[in-house]
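Visitor: make a model of this:
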Amino acid sequence: MTLFAKHEQTERERAKPLAARMRPRTLDEFVGQQHFLGEGKLLRRMLQADRLSSVIFYGPPGTGKTSLAELIANHSSSHFARLNAAAAGVKELREVLDGARDRLANSGKRTVLFIDELHRFNKSQQDVLLPDVENGVIRLVGATTANPFFSLVSPLISRSQVFEFQPLTPDDVLGLLRRALADPERGFGQHGVTATDEALDFLADISDGDARRALNALEIGVLSLPTGARELDLAVAQESIQKKAIRYDADGDDHYDAASALIKSMRGSDPDAATYWLARMLEAGEDPRFLARRIVIAAAEDVGNADPQALVVAVAAAQATEFVGLPECRIPLVQAVTYVALAPKSNASINAIDAALDDVRGQRLVPVPVHLRDAHYPGAKRMGHGEGYKYSHNSPDGFVVQDYLGVDRSYYEPVNRGFEAELLKRLDEWRARRRAESNRGGET
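Guide: Numbering: from 1, shown residues only. The predicted structure follows:
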């Protein structure tokens, strides 16, 4: 390397933001993702043995996807090529693939192709990758913040190992911040700057597991210190970090995962968790009418007749949402969410209709009993329709023993909770009377 080239490289490195300069240089420096990169874990074993197959790195920003891809380049004996799917088209992709095939044929050297934001490739672009991935010409390392099972074609998924990155823990981020302060070459070690524990704890906590965001805030804080100041305190740290936009893909797994968490929190009788997920989705821009529909469904599916008032509250909240809109509709929505969460639970109603639908769809069809058939049209009586029907209101207690189905089936099985416990008592009594009548030789 010439003196000028070395100087240019040094200047390029100095121009990089702190988060880029502090990227790990070895696997031991890499922070987080120990569930697949820890000692003895799958990806570490693959890297140590230089047996990397095609992999998909999936997870939120700032969790190390790009850093790990660069480490793979350093640890692999393969040629390393890089594309960003947001900027590259089929032409650029084919050029890389052609070069990989020539390289393999001429030198036997394989190519690791890192594609950042892989989910931005459309189906046709992803299909271009398939032959060379399948034939082993390239080892694909794809990074994506979108769930690959939603955003990538199935053949590419089936030919790759998917590794899901988790947000870093506050302790992980805290370690990175301390390393950046102390590192004299890449960080601020030569500046003689310190930071209070409160400031670092704040940045580690507020970064929400995003190392890049924490390091960017640290850099802003240090570089904006008043002349002569050598300590980053809590006030400066708070000024140095902006409100983070909530990561939320309305058509992807963020939407479905948050909705699932809301529903399961209501089903699990946790009003605090349910309120949080409601707030999270509202703040992210979720359609409040979608939320209202999910609450109505939960009231019917998970509460049912254990507290019939839950459905009334949920439907009223849905109507209020249409009537008042945001931001006021958050109030009836949370009222319904907390009511449903705290209501006694029963799924007997949905179990009943699903069991009956299974019978109908399985062609276990039964004819309408003759005594229940419509007898109001001319000629019905000549066919015996309605003959023998017993009018319930003619009984003192409004109940008569009568066959309403024609076969022995039980679909609705109330639970012994809430109002449904009262329904269970009634049903047990009426079923007992039917059985007694049947045992006497009467109608079933």
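Visitor: my read is A143 is in a strand, agree?
Guide: Yes. The assignment for A143 by DSSP: H, G, I helix; E, B strand; the rest coil puts it in a strand.
Visitor: with G142 as the reference, measure out to the nearest residue to it once chain neighbours are set aside.
Guide: On the basis of CB to CB, 6 or more residues apart in numbering, the spatially nearest residue to A143 that is not a chain neighbour turns out to be K65, at 4.1 Å. From N, CA and C alone the C-beta is placed, and that goes for glycine too. For K65, the distance to G142 equals 9 Å [CB to CB, to the nearest Å].
Visitor: give me the common contacts of those two.
Guide: Listed contacts common to K65 and G142 are F57; contacts here mean CB atoms under 8 Å, 6 or more residues apart in numbering.
Visitor: thinking again about what came up before, mind listing what the residue nearest to A143 touches?
Guide: Taking CB under 8 Å, 6+ apart as the definition of contact, the neighbours of K65 are 57, 59, 116, 143, 165.
Visitor: rerun at 7 Å
Guide: Applying CB atoms under 7 Å, 6 or more residues apart in numbering to K65 gives the contacts 57, 59, 143, 165.
Visitor: between these, which is nearest N106?
Guide: Comparing these against N106 with CB to CB places A143 closest, at 28.8 Å.
Visitor: burial count for the closest one?
Guide: 23 (other CB atoms under 10 Å).
Visitor: I241 now?
Guide: A count of neighbours around I241, defined by other CB under 10 Å, yields 18.
Visitor: what's the answer for Q161, then?
Guide: That count, for Q161 with other CB under 10 Å as the rule, works out to 15.
Visitor: what's the answer for L365, then?
Guide: Using other CB under 10 Å, L365 has 8 neighbouring residues.
Visitor: include distance to Y411 and secondary structure when you put the contacts of K65 into CSV, please.
Guide: Rendered in CSV, the data for these read as follows (distance: CB to CB, whole Å; DSSP: H, G, I helix; E, B strand; the rest coil):
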residue, distance to Y411, secondary structure
F57, 48, strand
G59, 44, coil
A143, 50, strand
F165, 46, coil
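Visitor: can I get those in TSV with pLDDT?
Guide: Rendered in TSV, the data for the contacts of K65 read as follows (pLDDT from 0 to 100):
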residue	pLDDT
F57	94
G59	88
A143	92
F165	93
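Visitor: neighbour-wise, give me the winner out of these.
Guide: The most crowded member of the contacts of K65 is F57, carrying 28 neighbours; neighbours defined as other CB under 10 Å.
Visitor: report how many residues lie close to I138.
Guide: For I138, the tally of surrounding residues (other CB under 10 Å) stands at 25.
Visitor: can you give me the strands for the chain?
Guide: Remark: strands assigned in the chain by DSSP state E are 55-58, 79-84, 111-116, 138-144, 161-164, 194-195, 231-232.
Visitor: nearest to G418, of those?
Guide: strand 161-164 (39.2 Å).
Visitor: domain parsing for the chain?
Guide: Each structural domain of the chain that the record assigns through automatic domain parsing is listed here as a residue range: 32-164, 171-177+190-239, 253-342, 370-439.
Visitor: now those domains as CSV including distance to A19?
Guide: As requested, the domains of the chain are exported to CSV (distance: least, CB to CB, whole Å):
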stretch, distance to A19
domain 32-164, 8
domain 171-177+190-239, 4
domain 253-342, 23
domain 370-439, 53
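Visitor: for this protein, longest helix please?
Guide: When every helix of the chain is counted residue by residue (DSSP state H), the longest turns out to be helix 418-439.
Visitor: compute the distance between D287 and H255, please.
Guide: Distance from D287 to H255, by CB to CB: 10 Å.
Visitor: looking at the two, which is more packed in?
Guide: H255 (17 against 14).
Visitor: in this structure, where is pLDDT below threshold?
Guide: Residues of the chain that meet the criterion pLDDT under 70 lie in 1-14, 242-253, 441-444.
Visitor: find the centremost residue of it, please.
Guide: Nearest residue to the geometric centre of the chain (CA atoms, centre = their mean): D257, 2.9 Å.
Visitor: residues making contact with the longest helix of the chain?
Guide: In this structure, residues lying in contact with helix 418-439 by CB under 7 Å, 6+ apart are 304-308, 344, 346, 348, 399, 401, 414, 416, 443-444.
Visitor: could you do stretch 24-36 as well?
Guide: Counting contacts by CB under 7 Å, 6+ apart, the residues outside stretch 24-36 that touch it are 37, 41-44, 47, 63-64, 67-68, 71, 163, 165-166, 168, 172, 175-176.
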